[in-house]
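> Predicted model follows, preceded by the sequence.
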Amino acid sequence: AQKITQTQPGMFVQEKEAVTLDCTYDTSDPSYGLFWYKQPSSGEMIFLIYQGSYDQQNATEGRYSLNFQKARKSANLVISASQLGDSAMYFCAMREALGRPGGYNKLIFGAGTRLAVHP
Amino acid sequence: DAGVIQSPRHEVTEMGQEVTLRCKPISGHNSLFWYRQTMMRGLELLIYFNNNVPIDDSGMPEDRFSAKMPNASFSTLKIQPSEPRDSAVYFCASSEGGGDTQYFGPGTRLTVL
């Protein structure tokens, strides 16, 4: 079964508008974490935001916020006031321990969503 | 503060040749990860080191791939012999601990002709 699902291969948004990128996950581990990474055309992977499964509040980092709905197993990324520089691939990832030794949490990535910001 | 450093950024080689990719993790991070990214398979974890010791190498595709971490500031991923299907972007990432946020290097784009 797919662990991380990003159902939107591509998204368009007008500059200065907000956009939501979807991410659903599946795990049997009660302790897990959710990450979003940005990959611009230059290729590097840039960490954006993190949400722990026990965190009471939704994570926020500047213009990025994570809409975490635990019962629905979703962790959508919201980008407010989009900028041209936000055009990139966005990856949702989940880490789960599943009893692995040494505190090792394997990170599993979704297929990504390509966001295009139009002027 | 320097991020994860990878070299080379681009590598073009011919089938059968040996390829060595290099990574310097963020200072103070004790966990290091090698990933491969392809269009078909997305991002896949190849191997994970903790305190220079390989903990999980279940993602290493086959015996042609090997990885070492001789000290806390250096790791290599070697492919010998290389094949065209190894063409991909290889990322190195590091984190403070095995469960902490992973920070990625710029990647090495490998092309095997």
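Ah, there it is. Just so you know, these numbers come straight off a predicted model, no measurement behind them. Numbers count the residues shown, from 1 in each chain, chains lettered A, B, ... in the order given.
> now the helix or strand containing residue A:37, how far from the chain's geometric center?
Using DSSP states H and E, residue A:37 sits in strand A:32-39. Relative to its chain's centre, strand A:32-39 lies at 5 Å (C-alpha atoms, centre = their mean, to the nearest Å).
> what angle do whatever helix or strand comes next after it and strand A:32-39 make?
Next in sequence after strand A:32-39, counting helices and strands by DSSP H and E, comes strand A:46-52. Angle between the axes of strand A:46-52 and strand A:32-39 is 160 degrees (criterion: axes from the mean of the first three to the mean of the last three C-alpha atoms, to 10 degrees).
> ok, and for strand A:46-52, which residues are buried?
By 16 or more other C-beta atoms under 10 Å in any protein chain shown, the buried positions in strand A:46-52 come out as A:47-51. The way it works is simple: take the backbone N, C-alpha and C, and place the C-beta from them, glycine included.
> again, but for stretch B:6-14
For stretch B:6-14, by 16+ other C-beta under 10 Å, it's B:6, B:11, B:13.
> Same check on stretch B:33-42?
Buried-residue list, stretch B:33-42, by 16+ other C-beta under 10 Å: B:33-37, B:42.
> Just name the closest of these to residue B:61, please.
Nearest to residue B:61 among these: residue B:36, at 8.1 Å, using C-beta to C-beta.
> List the contacts of the closest one.
B:43-44, B:46, B:88-91 (C-beta atoms under 8 Å, 6 or more residues apart in numbering or on different chains).
> ok, of these, which come out buried?
B:43, B:46, B:88-91.
> and residue 82, what is it in contact with?
Using chain A. Applying C-beta under 8 Å, 6+ apart, the residues near residue A:82 are A:13-19, A:117.
> hmm, I had chain B in mind actually
By C-beta under 8 Å, 6+ apart, the neighbours of residue B:82 are B:13-19, B:64, B:110, B:112.
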